[in-house]
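*Asks:* The sequence isn't on hand, but the structure is:
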């Protein structure tokens, strides 16, 4: 049976929607805005889940209207919650970089794609030796209005900002 490990934000409440949409065995790890840090304890936990359940697919998922991301972009009400300060700083910095290159109607999707691509790269690096077989890691953004999961933009679209002299 096909299994997938989903990294989600608890404010999105996507477990049931994922289970209904994707007909496979699903496992979940939650952190606010997918902001978890790749500390030793967390990585060991993820490795154990992957090994125990023979997981070959990992998917980061956020809602297009994720409460934590929207708060980071607008209000900063939750910025004092432990572990969110760096996340808020990164989201704000990337928002400013993206304003230059993308239309405002695609800004939020592009911002989430950039952020999830970064998380995918970091996790891939941490899990490089976790399994004898390759583990596919991807990202999706959920649009509740349309009830659809959309694959994030490629990391080729979400390049880091660089300045040339």
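*Replies:* Thanks, I have it. Everything numeric in this text was worked out from a predicted model, so none of it was measured. Residues are numbered from 1 along each chain as shown.

*Asks:* Off-centre distance for the helix ranked longest in the chain?
*Replies:* Secondary structure of the chain per DSSP state H: the longest helix is helix 104-126. Remark: helix 104-126 is offset 6 Å from the chain centroid, using Cα atoms, centre = their mean, to the nearest Å.

*Asks:* residues touching the nearest residue to residue 38 once chain neighbours are set aside, list them.
*Replies:* Once flanking residues are discounted, residue 38 sits nearest to residue 126: 5.1 Å by Cβ to Cβ, 6 or more residues apart in numbering. All C-beta spots, glycine's among them, are computed from the backbone N, C-alpha and C. Counting by Cβ atoms under 8 Å, 6 or more residues apart in numbering, residue 126 touches 38, 43, 46.

*Asks:* Please tell me I have it right and residue 133 contacts residue 57.
*Replies:* No - in this structure residue 133 lies outside contact range of residue 57 using Cβ atoms under 8 Å: 11.2 Å.

*Asks:* which of these two has more neighbours?
*Replies:* Comparing residue 133 with residue 57 by other Cβ atoms under 10 Å, the one with more neighbours is residue 57, at 16 against 7.

*Asks:* Now do the same for residue 77: helix, strand or coil?
*Replies:* coil (DSSP: H, G, I helix; E, B strand; the rest coil).

*Asks:* Check whether it really touches residue 68, as I assumed.
*Replies:* No - counting by Cβ under 8 Å, residue 68 is not a contact partner of residue 77; they are 10.0 Å apart.
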